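[1] The sequence isn't on hand, but the structure is:
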């Protein structure tokens, strides 16, 4: 999949197709890296270990979406303090899945990623405006948001996702810290 998306990206005749192919390639590559890390933890000792992405890696993720044409703004409120690594990793994955869904279903809709550092929780909200091209709606496996909900609830957090009255979409997560 990663190789075919890379080939499509290089040979695309228009920018939109090239941007979508780049997103598919990058997402597939990230998934393979994570799978290798999981398999390495389960099987091999002494193998190369790649740390899980955390909030320190978030700007790179946002830049990938920007380079594919999605205008993404990041806002952060409160004092981050020292957050547990699992909370940071889960927050990163929430943003990653939300951005993937925006690429698939909302195209280049304006997007905001908001991190609120609360006294005992991290609130993560990813909102996109209504899609500028309502005809865009790529196929979906349908398990991304379900997987996020399970991941968040395993940490004792709260998860909501849904369409907003203006036609946009929001993914909202509160993770205990």
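    Received, thanks. Values in this document were obtained by computation on a predicted structure and should not be read as measured data. Numbering: from 1, shown residues only.

[2] model confidence over the helix or strand where residue 146 lies, on average?
    Using DSSP states H and E, the element containing residue 146 is helix 144-154. The pLDDT scores in helix 144-154 average 86.

[3] Identify the residues contacting residue 103.
    20, 23, 65, 68, 70 (CB atoms under 8 Å, 6 or more residues apart in numbering). To be clear about C-beta, it is placed using only N, CA and C from the backbone, and glycine gets the same treatment.

[4] Using the three-state scheme, assign it.
    helix (DSSP: H, G, I helix; E, B strand; the rest coil).

[5] and the gap between it and residue 167?
    Between residue 103 and residue 167 the computed distance is 17 Å (CB to CB, to the nearest Å).

[6] now, the most widely separated pair of the contacts of residue 103?
    Largest separation among the contacts of residue 103 by CB to CB: 20 and 65, giving 11.9 Å.

[7] More neighbours: these two, which one.
    When neighbours are counted by other CB atoms under 10 Å, residue 65 comes out ahead of the other of residue 20 and residue 65, with 24 against 21.
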